[in-house]
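Engineer: okay, predicted coordinates and the sequence, questions at the end:
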Amino acid sequence: MHRHLPSTQALACFEAAARHESYTRAAQELSLTQSAVSRQILALEEWLGVPLFRRTRHGVVLTPAGSRYGRQVARWLQGLERDTLDVMSHQGRGGALSLAAVPTFATRWLIPRLPRLAALHPEIVVHIDTRTRPFLFADTTFDAALYAGTPEQIAQWPGVQVQLLMREDVVPVCSPRLLASAAARGPGRAHQPVAAEALAQLPLLQQSTRPLGWQQWFAAQGVDAPRALDGPRYELFSMLAVAATHGLGVALMPPMLIEAEIARGELVVACARPLRGERAYYLVSPAQAQSPVLAAFSAWLQDNAAT
């Protein structure tokens, strides 16, 4: 069957020119002359029968059709490059999985467990990129996403199927030295958790994406904490963990994200009263039958989330 496809060279020239909205910068990126890029795009426009750029006195501007086509071509070329590299390197014998993930969960929970996946499924290779917000799978080359969000956010993500992995319970943690200063305790009890009232007197570390976290935690304990909103703000859990390790304050953290710090004694639980967070961790994938690779990864992920 004859396929109705343009040349890859023409598409590469168009994608670069569309991204920069400049033939000159596209030529520099591709190590071609500007005239060569221009000829390739003119040939592509003639082949399509649709103008992709509007020529102006100052250069070129994408037409609406060019803008739409540019996004699709960029996605196709990215996927083709990824698949080509997988074949060239013989990774996973074709069992590659492209995963979008929230950064701290990927770094601190998923990646340390990937050796278990390799032992059970040596044919699967997992590629990970960072994404923190919902996206349309049709506009990307991702096979699935590890997402942290509320049930309402998940419900508004169109065209997907969702697998709940775990809830995001948080607990106050801090450095052993800071905890030792919170309340007078006898010998050998310096790392023992303290009462919630004692934490209200310590410096608190805030997460900028959850500004009411400490206020909610103290309210759940029935403790008046006038300074619950005070303290430096950090965007990521990984930032909070480092700040808490260095004694800057007490952080509300999911224990699963600080397993290494707790094991090394760099962080301790300051008050053993967890708070059920509003968010949870999900595996999100397109609403269609999963590939064998994704199905195997999904089953493995669910098993590990339950332990």
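Structural biologist: Done, it's in.
Engineer: next one: the longest strand seen in the chain to chain centre, how far?
Structural biologist: Using DSSP state E, we find that the single longest strand of the chain is strand 160-174. On the basis of CA atoms, centre = their mean, to the nearest Å, strand 160-174 is displaced by 14 Å from the centre of the chain it belongs to.
Engineer: which parts of it are buried?
Structural biologist: V160, V162, Q163, L165, M166, E168, V170, V171, P172, V173, C174 (16 or more other CB atoms under 10 Å). Any C-beta I mention is one placed from the backbone N, CA and C, and that applies to glycine too.
Engineer: got it, and stretch 254-274?
Structural biologist: For stretch 254-274, a neighbour-count test (16+ other CB under 10 Å) marks P254, L257, I258, E261, E266, L267, V268, V269, A270, C271, P274 as buried.
Engineer: now, which of those sits nearest A182?
Structural biologist: Among the buried residues of stretch 254-274, A270 lies closest to A182 (CB to CB), at 7.2 Å.
Engineer: surely the closest one is in contact with L199?
Structural biologist: Yes. The criterion here is CB atoms under 8 Å, and A270 meets it with L199 at 6.0 Å.
Engineer: give the residues shared as contacts by these two.
Structural biologist: Residues touching both A270 and L199 (CB atoms under 8 Å, 6 or more residues apart in numbering) are P172, A182, V250.
Engineer: helix/strand/coil for V126?
Structural biologist: Secondary structure for V126, judged by DSSP: H, G, I helix; E, B strand; the rest coil, is strand.
Engineer: report the separation between it and L97.
Structural biologist: V126 sits 5 Å away from L97, going by CB to CB, to the nearest Å.
Engineer: name the residues contacting each of the two.
Structural biologist: By CB under 8 Å, 6+ apart, V126 and L97 have these common neighbours: F297.
Engineer: and A243, what does it touch?
Structural biologist: A243 touches L205, P232, Y234, G249, A251, counting by CB under 8 Å, 6+ apart.
Engineer: and the strands in this protein?
Structural biologist: With strands called from DSSP E, the chain shows them at 53-56, 59-62, 95-101, 124-130, 144-149, 160-174, 206-207, 233-234, 251-253, 268-269, 275-286.
Engineer: can you give me the mean pLDDT across the third one?
Structural biologist: So that's strand 95-101. Averaging pLDDT along strand 95-101 gives 89.
Engineer: got the angle for it vs strand 124-130?
Structural biologist: Angle between the axes of strand 95-101 and strand 124-130 is 20 degrees (criterion: axes from the mean of the first three to the mean of the last three CA atoms, to 10 degrees).
Engineer: now do the fifth one
Structural biologist: Comparing the axes of strand 144-149 and strand 124-130 via the same axes, to 10 degrees yields an angle of 40 degrees.
Engineer: which outside residues touch strand 144-149?
Structural biologist: By CB under 8 Å, 6+ apart, the residues outside strand 144-149 that reach it are 97, 99-102, 105-106, 110, 131, 134-135, 154, 165, 168, 279-285, 294, 297-298.
Engineer: mind giving me the PyMOL command for buried ones among those?
Structural biologist: This is the PyMOL syntax for the buried subset of these, where burial follows 16+ other CB under 10 Å:
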select buried, resi 97+99+100+101+102+105+106+110+131+134+154+165+168+279+280+281+282+283+284+285+294+297+298
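Engineer: picking that back up, tabulate the buried residues of strand 160-174 (a markdown table), appending distance to H20 and pLDDT.
Structural biologist: Formatted as a markdown table, the buried residues of strand 160-174 follow (distance: CB to CB, whole Å; pLDDT from 0 to 100):
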| residue | distance to H20 | pLDDT |
| --- | --- | --- |
| V160 | 32 | 95 |
| V162 | 37 | 96 |
| Q163 | 39 | 95 |
| L165 | 40 | 95 |
| M166 | 42 | 93 |
| E168 | 40 | 89 |
| V170 | 44 | 94 |
| V171 | 48 | 95 |
| P172 | 49 | 97 |
| V173 | 46 | 96 |
| C174 | 48 | 95 |
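Engineer: over to T141: give its phi and psi.
Structural biologist: Main-chain torsions, T141, degrees, to the nearest 10: phi -110, psi 10.
Engineer: show me what contacts it?
Structural biologist: T141 is in contact with R75, Q78, G79, R82, S98, counting by CB under 8 Å, 6+ apart.
Engineer: give me the number of residues near the spatially closest residue to it that is not a sequence neighbour?
Structural biologist: Leaving out its chain neighbours, the residue that sits closest to T141 by CB to CB, 6 or more residues apart in numbering is G79, at 4.1 Å. G79 sits with 14 neighbouring residues when counted by other CB atoms under 10 Å.
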